[in-house]
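Asker: Have a look; sequence and predicted model below, questions after that.
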Amino acid sequence: SRGLGDVYKRQVIKLEQNYRSTKTILDAAHGIVIKNENRKPKKLFTVRPGGDKITLMLCGDDREEAGAIVDKIKFGLSSGKKLTDHAILYRTHAQSRALEDALRDAGIPYVIVGGLRFYDRLEIKDIIAYLRLLVNPDDTGSLLRIINKPKRGVGKKTIEKILNQAVKTGVPAFEVLSKPEDAGIKGKSAAELTKFYKTLKNLSVEVNELTPDEIAIRLVKQIGYVKMLQQENSAEADVRIDNIGELINGIIVYMEKVKEEHEDRQPTLQGFLEEVSLITDVDIWNEDDEAVVLMTLHSAKGLEFDIVFMTGMEQGLFPLLRNSLGHSLVKDMEEERRLCYVGITRAKSKLHLSMAGYRRRFDGPNITRPSEFLMDIPENLVDVERYSYYNTSFAGKNLSLSNSRLSRRDKHQSTTDRLRQSNTYQNEIYHNDEEALDRLLQVGMMISHSKFGVGKIIDKEGNGEDMILTIRFGSDVKRIMPKYVGLEVLGYN
């Protein structure tokens, strides 16, 4: 007798036709994903042949990257495109901060899909509450938000005792914490609250002596908030730690803006907090809203947009490398490639890729390397636009622009005025990646090392990855290979 297997033979049908993207976009995506060994062979084809070349924007830092994207969106709007035709994709939530700032400054409405706006995120609200308490100890609302973050054994009854004592004695609730036993609070809770009070009180004295970013960094280190997240040992906790680091970067950018726009004004923590308070809420996005769309690459699955910006195309950021050695497992890399494929194929007509030669990081290296994914896209599909990529003036927040050997490009220069280079982009980015070390790390340059502190380069041997620097750290002299350590470039004395 014959079974069903004899009648119905299996046949694999590949769904390879794409009705959304141009051939240029599909060929770029194929160049990325074809390297996944565990993927069944498949190549999409489209009814939309040709198409615009992919634009690779080589930017000086994350702030310039965001500004370049805003320029592109403005150009699209002037050409008849709608706000909702534009989507900005990023690998990590923390990247949205610089993009949101640039869009907000330009008056361009935006929404975040699958997540919260940067300053609406839990951990950001918590740290902002801590900072507000530093400049205004009478802010009871901020106190109540963070009094038990991290946990200090403070429950509803303890809070009631604190508030009652404040009313009874006519002092701010924060001052009650100086002597919690007077409010009937005893044991571990009293000890934790006293420690909490002393930490913030000591920091508040330094608010007018240190720069806003220095105060924020000291605060984050002393309150134990990051340690609390690290103990969670989860992917979500890693994201929240990244966001806290990006908040510090936001403070640094605020300081830069104040110095650029007001020569006679000093940036203050109070000024930063006032700027944050002006940020208004935005409605949840739907297809009928007129707004630029921001989202992580994970959130982009199943969506499509006429113009897509994929940001942060840098090794370690995309592909995302989390472990201490800077390497991912093969399965992780395959998932990163699939994610890159998804991002590229969200674009229907035009794809922009962008990277920053210098990206502000709270606890890591500043000088970036191009994503290996850029090497997998056929060269004939890409046009390169060079902004201030590897310009010394982007080397660090403390660099004096007037003393830098390579001056910053005019910040008001339009996208159409930028230098466009259409030669082989792979040689372009990697040749200059090696040149970056030679340009940035010169004899006489001041640098910061995570272990040895601030030092001055007094000698230099070799170049590129073989470079060896002799650096004086106070009375000590060290020989260091930059390729193995994260050095922050501070500029010239």
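Answerer: Good, I have the coordinates. Numbering: from 1, shown residues only.

Asker: all contacts plus neighbour counts: C-alpha atoms, from now on.
Answerer: OK.

Asker: For stretch 192-201, give me every contacting residue.
Answerer: If you take C-alpha atoms under 8 Å, 6 or more residues apart in numbering as the criterion, stretch 192-201 is touched by 133-134, 152-153, 174-175, 177-180, 219, 222-223.

Asker: which of those count as buried?
Answerer: Using 16 or more other C-alpha atoms under 10 Å as the burial test, these include 133-134, 152-153, 174-175, 177-178, 180, 219, 223 as buried.

Asker: what's the closest of the residues you listed to Gln270?
Answerer: Relative to Gln270, the closest of those is Leu134; by C-alpha to C-alpha it sits at 9.4 Å.

Asker: can I assume that closest one is in contact with Val207?
Answerer: Yes - counting by C-alpha atoms under 8 Å, Val207 is a contact partner of Leu134 at 7.5 Å.

Asker: Quick one: list the elements packing against the strand or helix carrying Arg97.
Answerer: Counting by DSSP states H and E, the element that carries Arg97 is helix 96-105. Applying 3 or more C-alpha pairs under 8 Å, 6 or more residues apart in numbering; DSSP states H and E, we find helix 96-105 packed against helix 62-78, helix 235-261.

Asker: Pull out the buried positions in it.
Answerer: For helix 96-105, burial by neighbour count (16+ other C-alpha under 10 Å) applies to 96-103.

Asker: Stretch 122-129 now?
Answerer: Across stretch 122-129, burial judged by 16+ other C-alpha under 10 Å covers 123-129.

Asker: Can you check the pLDDT for Val47?
Answerer: Listed pLDDT for Val47 reads 61.

Asker: Likewise for the one 10 residues further on?
Answerer: In the prediction, the pLDDT value recorded for Met57 is 94.

Asker: what does the longest strand along the chain rub up against?
Answerer: Secondary structure of the chain per DSSP state E: the longest strand is strand 347-358. Contacts of strand 347-358 from elsewhere in the structure, counted by C-alpha under 8 Å, 6+ apart, are 20-22, 25, 51-62, 64-65, 304-314, 344, 366-370, 389-390, 394-395.

Asker: Skip the chain neighbours and tell me the closest residue to Asn208.
Answerer: The shortest distance from Asn208 to any non-neighbouring residue, by C-alpha to C-alpha, 6 or more residues apart in numbering, is to Thr268 (7.8 Å).

Asker: Please tell me I have it right and the one you found contacts Asp213.
Answerer: No - under the criterion of C-alpha under 8 Å, Thr268 is not in contact with Asp213, lying 9.3 Å apart.

Asker: Low-confidence stretches in this structure?
Answerer: The model of the chain has pLDDT under 70 over residues 1-19, 38-50, 280-289, 322-331, 361-366, 390-440, 484, 486, 488-493.

Asker: Centre-most residue in it?
Answerer: Residue closest to the mean C-alpha point of the chain, counted by C-alpha atoms, centre = their mean, is Gln95 at 3.1 Å.

Asker: Return the set of buried residues in stretch 210-226.
Answerer: 211-216, 219-220, 223, 225-226.

Asker: Just those residues: which are in helices?
Answerer: Those of the buried residues of stretch 210-226 mapping onto helices are 212-216, 219-220, 223, 225-226, per DSSP state H.

Asker: I'd like to know which of these is nearest to Ala235.
Answerer: Nearest to Ala235 out of these is Val226 (C-alpha to C-alpha; 13.7 Å).

Asker: Is it correct that the closest one is in contact with Asn243?
Answerer: No - counting by C-alpha under 8 Å, Val226 stays clear of Asn243, with 10.8 Å between them.
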